[in-house]
Each structure stands twice: as C-alpha cells, then as structure tokens.
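Novice: following is a predicted model, sequence given first.
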Amino acid sequence: MASSARPGRFLPGDPRVEEPYRLTPQLAFRVAILAFLALTVFAVLFLRLWALQVLSGDKYLAVANDNRVRTLRLEAPRGPILDKYGNVLVENVPGWRAELWPADLPKTWPAQRRELQALSSLTGVPLKEMLAQLKAHALDPLTPIVVQRGLRQDQIFYIREHDAQFPGVRLANSYLRKYPYQSLGAQVLGYVGQITAGEYKTMKKKGYQPSDSIGQAGIEATYDTYLRGKDGKAQLTVDSLGRPKGAITPLTSFTPGEALRLTIDIGLQRAAERALVYGIQRAHDASYAHADGGAIVAMDPRNGAILAMASYPTYQPSIFVGHKDAQKLAPLLNPKVADAANHPGINRAIDASYPPGSTFKPVTALAAMQEHLVTPFEQLQCSPVYTAYKQPFLNWTPLINQSMTLTTALAESCDTYFYELGRRFYVLPSDRGHPLQGWAHRFGLGDKTGIDIGPEVSGLIPTPEWRCKAYGGPPCSGYVDRIWKPGYSIQMAIGQGQILVTPLQMTRLFALIANGGKLVTPHIADDIEIPGTKNQPARVLRRFGAQSPQPSGVDPTALSYVQRGLDEATHSPIGTSSGVFGSFPIDIAGKTGSAEKLVSLPGFPYPSNQTQSWWCGYGPYNQPTIVVCALIENGGHGGTSAAPAALKVFEHYFGKNGQLTNHISD
Amino acid sequence: MTIEAVDRRSRGLRPHHRAEAVGLGGVLRRLDWLLLAALAATAGYGLWAIDGITMHDVGGSSMSRQALYVFAGGFLFLGALFVDPDTYRRLWRPIYFGTLGLMVFVLAAGAATRGSKRWVDVGFFKFQPSEFGKVLFVLALAGLLAERSRSITSARATLTALGYGIVPILLVFVQPDIGTALVYTSALGALLFVAGVRWWHLGALAAATVITALAVLWLLPAAGFNVLKPYQAARLTGFTHPGNDPRGATYNLRQSITAVGAGGLRGRGVIGATQTRLNYLPEHATDFAFASLAEERGFFGASILLLLYLLIVWRALKIVANARDMFTAIVAGGIAFMFMFQVFVNAAMTMGIAPITGIPLPFVSVGGSSMITNFLAIGILQAIHLRRPGRRRA
C-alpha cells in the first residue's frame, strides 16, 4: 500500500505538482481499524456497565446503603444509688460527649493528624491517647470512640461552629455521674470509667461495647449490670464527612438503669467520716503525730447490714467524671503520689489489714473456754511482767499486780493474763491442732467476709504450718526462721505478732459477740428498685437481703462472760474505755486495742513501730442494734483516739443524749 | 489562453478546493445533520445529567453555568464552520509554538490549584490551556504530518513528528496533569496512524510507550527514582487491585464502583443516589461524573450517553473517510480518536477497568474549557465535512 506514493517507479514525480488527494485503500483500511476499535471500546464499556449495574447491582446497592447509615447507641442513663432512707447518693446529669467515628475521619494522615490535634487542644485529651484508641479499634471503623465525656458549653459551641473542621467528630448525649454528698462514701460507691481494653476482652461476651463506661470500683462495679440499664439503638444518615443529614431515627429505645438502695445511712456515714477526722485530731493532740488514716465500720449485728463504712484519707469521686485532671487523679492512679497522699483510693475497712491488738482478746478468751484451758472463775496473776521460756513479756501497764478472773482481765485488758492463755495453747499436744487459730477463723478472722464490694483482703491468722511455708519451707526443722516459737503463741493471744485482720472482720467478730454467737455476712446493697415518685412508691424488683447469720458453735455461757467483760471495759472504774463510754446514756460494750505495727512512714528511712489505735464494740448492751469498729492508723492507745471516734458514731446513732432516734426501730 | 491559464490547467491535477468560501446556503446543504443532532443531544443530555449530579452540592446545581459554556461553545462551533481548515494547515507553526508558549506560561505563572498548575486566570474565567491545547495540538501536528505526507513512510518523518509531539506532552505531564498528557499521547498516536506511518514504526512506538510506562511506574521507583508522586502512581495502578486498602488510594475507586453498581438498571434517582448526594463519590461533578450519572440514571441512562458518544465517533470516522485532503483526514482522525479515548478512559476508570486519571467526560463534566474545546472540535469536524469533495461519498 505504501508503495503507491513512492516516487521513481514510472516517471519521476514533479516536485511542483502535488498529487491529487484521494482516499487510498491504505487510509480506508486504517479508518476501518479505528471503527473496529471504537466498536470494541464501546462494547467493553457496555459489558462492564451491565456487569456492575445489572448483574451485581443488588450487592453494590447494599454496600451503598451501608455507607451512609450509622447505627448509634442511645446511652441509657445509669441507675441512681440511694441510701437506706432513699437519699440519692449518686445520680445522673445529662451532658455531652465527643465521639470519633474512625470511618469518617480524613483519609490522609496529615489531615487526620491536624484534626485530632485541634480536637486535642480543645478537649485536653492527649493526641497520643486518641491515636492509641484509634489503633485499638482499627478493625472496627464503624464503632465510635469516646474521646471525652462531660464537654463544657464552650467546647460544644466550638465543635458545632467549626463543624467542617471536624469530620468524623460527633457530639452525642451522655450522662454524667453526680455526687450530691461529694466525698461521702467515696470508696464504697466507687466510680464509673471507660472500659479498658483488658476489661473489654473479658466482658465482651456479656454484651459490653468498647466505648462503654462501666463501674470501676465499689458498688458501681459490683452492681454494674443492674445500674447500667440497656442502651437503645438509632440510625442516622451521614454524608461522607460523617456529618449528620436528617434526624436520628430510633430503632429501639433505651432502658434506664435500675435504682440501687444501700443499707448505708448517709447521716451515719457522714458522722463516721467526721469521727475519723476527729479521732486523728485526738491522736495528734496526744502527740501521736503520725496518725494519718483510719477506718470506721458501723453494722447491724443482727443481719450484717453495713450502716456506715468510712475510710480516711478519702477523695471526691467526681474527679473521675468528665474532663479528667491528671493532677487530681494522681493520688489515686500514680503509685508515687499515692504513697505521699497515703492512698486515698484504698478502702481501709476491707482492703487493708492491721494487727488487732487487744481487740483480739475476746477471741483468745472464747477459744480458751471452749478448749477448756481456762474457766471463767479461774484467777490468774496480772503482773507487770510475764516470764515464760526465759523470756519476759511486758504488760501494757506496770501499775497492776493482782490476780483476776477472765471478765476483769478483759475489762482491764490485762496482757499477762492472756499471755498465760497463749502459753496454754502453745503447750497443747499436736493432735489438738491449733484451736486458737481455728476459733479465729470460725469467728471470721483471716478470711474474706464476702461483702458485696471489693477488693477485699483476707488478712492473716498465722499457724506453725504457715510460718514454715512463708519462710521457705518445708523442711521445717533445722531453720530458726521456720520454727513456731512459744513467743508467737503468747503474742498472738493479745493480737500481736504477724496476725492481720481488717476492720470489717473485727466488726463481724463483735457482731457475733453482740448477737449471741452468729456470724453475719456483711452487705451494703439492699435492693434493686424502680425509683418511686411522689405519688408512686418505689417498686422493689429484687431484694438482696441479708443472708441468714451462721451459728459459729460458740458456747452461749462462755460468750456471756466475754460480753460482761466488754461491758465492764466501758463501765467499771478500771475499764480501758470507761472514760469515754462510761457516761454515755446508752449501755455500750466494747474493747480497746493498741497494736504495734512496723510502719514505713513517708520521709523516714526505716520502718518504725507505731501503735494502731482500735476500738470495737456495740450497743445497747442488752439488745444490740449497732456494732462499731474504729481504727486510727498510728493513733496510739485505743482509748486515745479510736474510742472517742467510735463514740461520735454512737452519738449520731442514738442521739447525743441517748434519746433514741428512729434508728432503734430498725 | 494565457500562461496563467495553462498553468492553472496543469495545476488541474491539484484539487480545486483552496480557500473555498462556504456560504450559509452551503452550510445548510452540506452540514452533517446527524452529527449536529448527536452534538445537540449529547450537550442537552449532559446538561440534564449534570443538573442531577450537582443538585445537592454546596452551591447548588452547576447546570446554568454549564449552559453558559454550551452557549459559548455553540458560538465557537458556528465560527469554526466558516474557517477553512486549510488555514490551520498553513498556520500550523504559529499554532504549535503559540500552544507551547501558553503551556510554558501556565507552568511559570499559572495559579496553583490543588497542587498542580493548569489554570490561567483571565479575570472572569479561569481556563485550562491544556484543554484547548488538545485541539490545537491535533491541528498543528496534522499540519506537520500533511507537509511531510510524501515522505511519511520514512523514519525521519516519524521521528520528526514524534519530536514535535513529545514537547507539549511533557509540558502537560509536568503540570502535573497525567490524564491530559495521556490524551495528547493518544492523539499523537492516532495522527501518526491516520497519516500513514509504517506499521512497524507504529509498533516500535507502541513498544516504546509501554516500556516508558513500565519504567515510570515500576522500574525507576524500584531503582529509587520516583518520576511520579506516590499518590499518582497509586492512582494509576490502583485499579488492578481494588479494595485492598479501605482508606488509601483506591478509596475513590471503591466508592465509584459502588455508585455505578448501586445504580442498577433504572438508577436511584437524584434523591436516592446517596453515593453522590452524600459525597461518598468524590469529584462526582468532574472526574467521576460518569459514575454519578450511572448511579442516578442507571444502566439505561448511562447507555443513552454511551450511544450518543458512539454516534459522534461514527460520524467523525465517516468524515475521516470523506475528507478532501490528507490534512483534514488526519485532523478528523485525531479528533475522533481523542474523543473516543477520553470517553473510554473516563467511563472505564469509574468502573475500575482503567487507571484513575483526571480526564473530564465530554459534554458532561463540569468545566468550561473542556466543554468549549469539545464544541470547537466538533465544529472543525463539521467544517471539514462541509468542504468534502463532491457528493461521492456523502
């Protein structure tokens, strides 16, 4: 074809003469090729269009629909927490939260970072934290991440006004916990916080979502399933920037959380917390300068209902709500700061253990009578020093030197009397086991009480077996450390040595003494109810109630001598806390305790022996309705700080002049 | 008979068509009415389509603005009818260098838009020289090839044309406007093809093009030298592995395929087309207009547009065959192929069978430069048709 224009075949072409143009076969062929190409190209387009739109149309329609619809959670308001009389201890206030929708964030990293940085400087949530959360939810771009709860008005306005700057950021309704009584009962109530990755892993099966907030401690954690309610679902159409288009369409409405009624009396709780501060002040006045913490438990000895549970130092649970201030949270979360602040987050009533000191003596007395090692009438010498195994054991006071019965020994808290009982336990043949420790456990010491909030420690009732194991055994013989020496039994008889109990365990012990030998299960939650209105009484959905007290098997006669001893301790002229309770119009019985404990005080290089101040008791003596246990850390003698603190609680409970308030009817 | 007369007779071998004046009557008699009808239908359909596509955008529908461009394009179309295409042939050098100058000017002083410099702001109107350049490029290179039509089979002619062609292509490429550079390249290929360059020359050029593409996309980056910015390379190759990166380069592609597919047989309507309305489909008024149309109007609506395009291409190829001389044949061939190439790459990219490049959909995508250029191109086709010889192959 190309040869048709090639010169020189016949005559040489005249360069001045242009050949006439005609459609050469060559060009026609090429045009045909172009036409064929055009047909092919359009055929391809049509086929592809057909494949996408007609053959797979339904599939892509579903994808497109998923693209624009977001399923939202309608947060259910968390149930309120009420005290015994229906006072609202924790309630909800509506607020706003900022959420991140990962799928709607800018697609490029610089734009995304710019947006998150802007959000970070607005809310104060560190950029790192947001990125970590985004990374954690990388596989689930359609679930929002809660950046901040409890936004301030100005933050809400800013985000709304700069809508275009924040694609993928949504404001949603949320509820915030509010504490009308501020710090009262902080450790008991606990707080609500965002579910952690670890918690989510274990709780996923129960239907928890990664953006949930859950009860993190105390009552809020234990009864989370009742309090949290059920979230609703709604749909929202959004554009590609995640901006809502149109209204929210509810699918299922939320169910608000149920109300939880506690056995706590908030008035008594306030009295107990003030009593702690008062007790510490008393200790300071008596030059126990290191008194800096403590716990008071008030309980109904008949059923284990906790009426007050105070722990000092304490904190404001509201610091966990909304905008979190790292400085305010540090005493709770940062171990170093917590050390300096003496651990306000710890509930000392259940989560800390101390040697019980003389408050343990009723256990020794009961166990010794049960094991027939002593009778109530046997006279034993109370002397300044008790010597056994060539070892001197000192009485707490050098001023007494006379023989006395068990009742008087309890009233005067004579150490040497109980040293002798301790020795008698030590010399028991091995086939008798360790009855002192055995009875201690039967009275609930050294074991978790099973109270419905945590965390709880079990304390320790040491035995020879424990000693051997704890010091590296077995083998047990041949190592000085691993041997149970007579001194340990003698010390334990007065609640000293390595024995550790929690204030709640002691409360339970004195409840047992008060109620005639039955071991109660302490509890704080009373029932779950739908809160009533003015016209409608509250409807109880589920009553947790008290578990029936378990008989401990203690002989009632033996118990009555101990009861008498405790009553003399607060009333006889020689009683250790007669000065405190003697003039109180209601008959209160109780025991002081002054326990030596090695304590590492902040600012001191070595641990030193500090006296833990205890007082446990109950009243009215004949028909006890309340048992109170007070502990002041490093507070000196029981009569110095703990007993006066406990009195404050009784004063509130019975009225200052003993005029019984309505409490007695409970 | 004067010498001149003899001379004129001897020149009778030359076709008698130089500087033919075509009057209004001639226009009405000889116009390709089918092509005109196709043009009017496509432009009208495009206006209707863009109205639905942009109805929910910020600033509302772009239809009225587009209608203004159609109006301006119509004038240019009419004007083109009365210009003898031979004028372009004679003036191919000024056209060529003028185009180059404009492109260099754009690079030097053009306003930076979205990281690339392709616009010239002339106050009331920002125009894109590279769009107009498409037609000018075809005219200039067709002039060059017609001038060398006798020696067109020589390698020298091929290389010369290639040399002239590659400069504007590179200038567009560095703007950077890869899509338009591809259109220019396709036009260059079509021009050489219609002009009658030897098959093996064409084959060698095609091979060189493939090797260059491989080098740019794969070999040179492997050697640590990136010709393209990473996002460009990702867009070009993304269609071969869609959906493996939910947030990356293929996000647009995925949304586009979803939009097309969701349209179904009858389309989702303007209100129901959520991909477009809620902005999941990016650039739906320009680069992804076809996907948006397919979503709103369905298979039927998209097919009508494709058939209209096919009609235009068919008429254009007919004009190639009926052209009165080499130059006009080459011009018509170049325009026809370039048009087809744009339609194919744009529509195919929205359906995931071609690389994603910023090529506007003729007569639909929002944009004045493209609209006016397309009218001008069809106008030139009509001008060629008006001056076809006799009625042999009308």
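Specialist: Cool, the structure landed. Numbering: from 1, shown residues only, chains lettered A, B, ... in the order given.

Novice: what's across from A:Gln550 in the sheet?
Specialist: Counting by DSSP bridges, A:Gln550 forms beta bridges with A:Leu519.

Novice: that one reaches A:Lys518, doesn't it?
Specialist: Yes. Between A:Gln550 and A:Lys518 there is a contact under Cβ atoms under 8 Å: 6.4 Å. For every residue, glycine as well, the C-beta is placed using N, CA and C.

Novice: distance between stretch A:192-199 and the chain's centre?
Specialist: Centroid separation between stretch A:192-199 and its chain, computed with Cα atoms, centre = their mean, to the nearest Å, is 13 Å.

Novice: what sits closest to the residue of chain B found nearest chain A if chain neighbours are left out?
Specialist: When scored by Cβ to the nearest Cβ, chain B has B:Gly261 as its residue closest to chain A, at 2.6 Å. Computed as Cβ to Cβ, 6 or more residues apart in numbering or on different chains, the closest residue to B:Gly261 that is not its neighbour in sequence is A:Tyr60, at 2.6 Å.

Novice: what of A:Ile156?
Specialist: Distance criterion Cβ to Cβ, 6+ apart; nearest residue to A:Ile156, sequence neighbours excluded, is A:Trp96 at 5.4 Å.

Novice: now A:Ala271
Specialist: For A:Ala271, ignoring the flanking residues on the chain, the nearest one in space by Cβ to Cβ, 6+ apart is A:His652 at 3.5 Å.

Novice: surely the one you found is in a helix?
Specialist: Yes. A:His652 sits within a helix when classified using DSSP: H, G, I helix; E, B strand; the rest coil.

Novice: pLDDT score for it?
Specialist: A:His652 carries a pLDDT value of 91.

Novice: what of the one 3 residues further on?
Specialist: A:Gly655 carries a pLDDT score of 81 in this model.

Novice: A:Gln550 and A:Lys518 - which one has more neighbours?
Specialist: The residue with more neighbours, out of A:Gln550 and A:Lys518, is A:Lys518; 18 against 14, by other Cβ atoms under 10 Å in any protein chain shown.

Novice: and A:Gly603, what helix or strand is that in?
Specialist: Secondary-structure assignment from DSSP states H and E places A:Gly603 in no helical or strand segment.

Novice: ok, now which ones touch B:Lys134?
Specialist: For B:Lys134, the contact set (Cβ atoms under 8 Å, 6 or more residues apart in numbering or on different chains) comprises B:Thr180, B:Val183, B:Tyr184, B:Ala187, B:Met338, B:Thr373, B:Ala377.

Novice: to clarify, my last question referred to A:Leu171.
Specialist: Contacts for A:Leu171 (Cβ under 8 Å, 6+ apart) come out as A:Trp96, A:Arg97, A:Ala98, A:Glu99, A:Leu151, A:Ile156, A:Ile159, A:Arg160.

Novice: name every strand pairing with the helix or strand encompassing it and say which way it goes.
Specialist: Using DSSP H and E, A:Leu171 sits within strand A:169-178. Using DSSP bridges, strand A:169-178 pairs in its sheet with strand A:88-100 (antiparallel).

Novice: so after the strand it pairs with, what's the next helix or strand?
Specialist: helix A:109-123.

Novice: ok, A:Pro531 to A:Gly86 distance?
Specialist: 8 Å (Cβ to Cβ, to the nearest Å).

Novice: those two: which has the busier surroundings?
Specialist: Taking other Cβ under 10 Å, A:Pro531 and A:Gly86 do not tie; A:Pro531 has more neighbours (18 against 13).

Novice: that older thread, most neighbours of all the contacts of A:Leu171, which one?
Specialist: With neighbours taken as other Cβ under 10 Å, the top of the contacts of A:Leu171 is A:Ala98, carrying 25 neighbours.

Novice: surely that residue meets A:Arg152?
Specialist: No. Taking contacts as Cβ under 8 Å, A:Ala98 lies outside contact range of A:Arg152: 11.0 Å.

Novice: show me chain A divided up by domain.
Specialist: Using automatic domain parsing, the domains assigned to chain A come out as A:70-262, A:357-551.

Novice: pick the most buried one from those.
Specialist: Each of these was scored by mean neighbour count; the highest is domain A:357-551, a mean of 19, by mean count of other Cβ atoms under 10 Å in any protein chain shown.

Novice: beyond the helix or strand containing B:Trp200, next helix or strand please.
Specialist: Using DSSP H and E, B:Trp200 sits within helix B:199-214. Using DSSP H and E, the helix or strand that directly follows helix B:199-214 along the chain is helix B:220-222.

Novice: and the residue in the stretch 451-600 of chain A that chain B sits nearest to, what are its bridge partners?
Specialist: In the stretch 451-600 of chain A, the residue that lies nearest chain B is A:Ile530 (41.8 Å; Cβ to the nearest Cβ). According to DSSP bridges, the residues that bridge with A:Ile530 are A:Arg539.

Novice: hmm, A:Glu258 and it touching each other?
Specialist: Yes. Counting by Cβ under 8 Å, A:Ile530 touches A:Glu258, with 6.5 Å between them.

Novice: quick check: neighbours shared by those two?
Specialist: A:Leu541.

Novice: show me the contacts for B:Ile312.
Specialist: B:Leu35, B:Ala38, B:Leu39, B:Thr42, B:Phe339, B:Ile378.

Novice: sec struct for it, please.
Specialist: Here B:Ile312 is helix, with the state taken from three-state DSSP.

Novice: can you get me a residue count around the residue of chain B closest to chain A?
Specialist: B:Gly261 is flanked by 29 other residues according to other Cβ under 10 Å.

Novice: in this structure it contacts A:Val54, no?
Specialist: No. In this structure, B:Gly261 is not within contact of A:Val54 by Cβ under 8 Å, at 9.4 Å.

Novice: mind giving me the packing neighbours of the helix or strand containing B:Gln66?
Specialist: For B:Gln66, the host element (DSSP H and E) is helix B:63-81. Contacts defined by 3 or more Cβ pairs under 8 Å, 6 or more residues apart in numbering or on different chains; DSSP states H and E place helix B:63-81 against helix B:33-54, helix B:368-386.

Novice: let's have those helices in TSV, adding mean neighbour count, mean pLDDT and distance to chain A.
Specialist: Formatted as TSV, the helices and strands packed on helix B:63-81 follow (neighbours: other Cβ atoms under 10 Å in any protein chain shown; pLDDT from 0 to 100; distance: least, Cβ to the nearest Cβ, whole Å):
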stretch	mean neighbour count	mean pLDDT	distance to chain A
helix B:33-54	20	95	14
helix B:368-386	25	94	13
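
Novice: for B:Thr212, find the nearest of those.
Specialist: Set against B:Thr212 and scored by Cβ to Cβ, the helices and strands packed on helix B:63-81 come closest in helix B:368-386, at 26.1 Å.

Novice: circling back to that earlier point, mean pLDDT added to the domains of chain A, as CSV?
Specialist: Conversion of the domains of chain A to CSV gives the following (pLDDT from 0 to 100):
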stretch, mean pLDDT
domain A:70-262, 82
domain A:357-551, 88
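
Novice: what's the closest of these to A:Tyr561?
Specialist: That would be domain A:357-551 among the domains of chain A, by Cβ to Cβ, at 4.3 Å.

Novice: and that closest one, end to end?
Specialist: End-to-end distance of domain A:357-551 (Cα to Cα, to the nearest Å): 25 Å.

Novice: can you check stretch A:92-107 too?
Specialist: End residues of stretch A:92-107 are separated by 37 Å (Cα to Cα).
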